[in-house]
Every structure is written in structure tokens, then in C-alpha cells.
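Colleague: Need a 3D model of the sequence below.
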Amino acid sequence: MSKTISYRGVLAIGLVEQLRLKTIKGKVGYKITKFQIISNQPGAGDYKLVGKVFKKDPTGSVSPLINFSNSDLLAAAYYTSGNVVNEQASTVIVFDNEMFNQDIFISIDDQGGNTTPCNYYIELEAVNLSELETTMLTLKSLRTITSR
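Modeller: Below is the predicted model of the structure:
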């Protein structure tokens, strides 16, 4: 049986926010089903926002660059907005086949150099894991860490 949980917040440009998901035994798995970003002042200026969700803390490497070969990347969103009516677009890509049972990290940056904070919204599907699934996710996470 699965359930949907959601998080929302405002994040300053260039910072990282940690969503605490891990449990003591790691028997709950998560998948991202929705990820959205929007400036907290849409239409007030020109924005080129890039939001990303990671398995591991990207602090020190927060940038507007998106690299799909990064195995820690779970989702990416691009939002543009201008100060002209109807000058708005967004693209969201979620790797929905990625299951995780640890904390995740959200970062937001602006290609245009704006410093206006950005809103984010993320929905996760929470699934109870068997003992075997828990072990497999933990081992996968450890392999990723040791391969670096």
C-alpha cells in the first residue's frame, strides 16, 4: 500500500534544503511523482530558475547546470518568467523509476543571476519495503558512496 506525501517551501538561490525521510530501519521507500518550482515574485522580473533534487548533499557544487549522468540526480526543473504578460515556461523531468529510502536534497539556482527566493513543491509516493528491498536499497546507496 502506498501513500502520497508532499513538501513545499521557499528556498534562497544557491542554497540546499534537506528533506528528512530516513527511518531507523529504512523500511519505507520513496519515489518522486511531482516536482515544481516558481519564483516567489512571478512577473516581477526575468527569471531562469533551475531546481534539482539529489540523493546526496550537493553543497559546494550548486549550479544551474543539469547533468543527467549524475547518478545522484532524481529530478530537475527549469522555470523561466519575464515581466511581460504570458512570458512564462517550465519544464520538469522526474526519474520516477528511482526508489530511495534516505534523505533527499533540493537546490535552486538562477542562470540569470537573480537572487529572488524560489518556491518549490514536491510529491513523493511512500511505499512499505520488504526486508530484501530495504537491504538492496541500502547496498545500492553504499556502492554509490564507495565508487566515488
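
Colleague: What confidence value was assigned to the residue nearest to Lys55 when sequence neighbours are not counted?
Modeller: Nearest non-adjacent residue to Lys55, counting by C-beta to C-beta, 6 or more residues apart in numbering: Asp72, 4.5 Å away. Bear in mind the C-beta positions are built from the backbone N, C-alpha and C, glycine included. Listed pLDDT for Asp72 reads 88.

Colleague: Now do the contacts for Asp72.
Modeller: For Asp72, the contacting residues are 54-56, 58, 144, by C-beta atoms under 8 Å, 6 or more residues apart in numbering.

Colleague: swap in Asn70?
Modeller: Here Asn70 is in contact with Phe54 (C-beta under 8 Å, 6+ apart).

Colleague: SS state for it?
Modeller: coil (DSSP: H, G, I helix; E, B strand; the rest coil).

Colleague: Leu132 now?
Modeller: Taking three-state DSSP as the rule, one finds Leu132 in the helix state.

Colleague: Neighbours of it, how many?
Modeller: Here the number of neighbours of Leu132 (other C-beta atoms under 10 Å) works out to 8.

Colleague: can you check Val94 too?
Modeller: Neighbours of Val94 under the rule other C-beta under 10 Å: 18.

Colleague: what are the bridge partners for Ser39, then?
Modeller: Per DSSP bridges, residues listed as beta-bridge partners of Ser39: Cys118.

Colleague: State the distance from it to Ser107.
Modeller: In this view, Ser39 and Ser107 are 15 Å apart by C-beta to C-beta, to the nearest Å.

Colleague: try Leu73
Modeller: For Leu73, the distance to Ser107 (C-beta to C-beta) stands at 10 Å.
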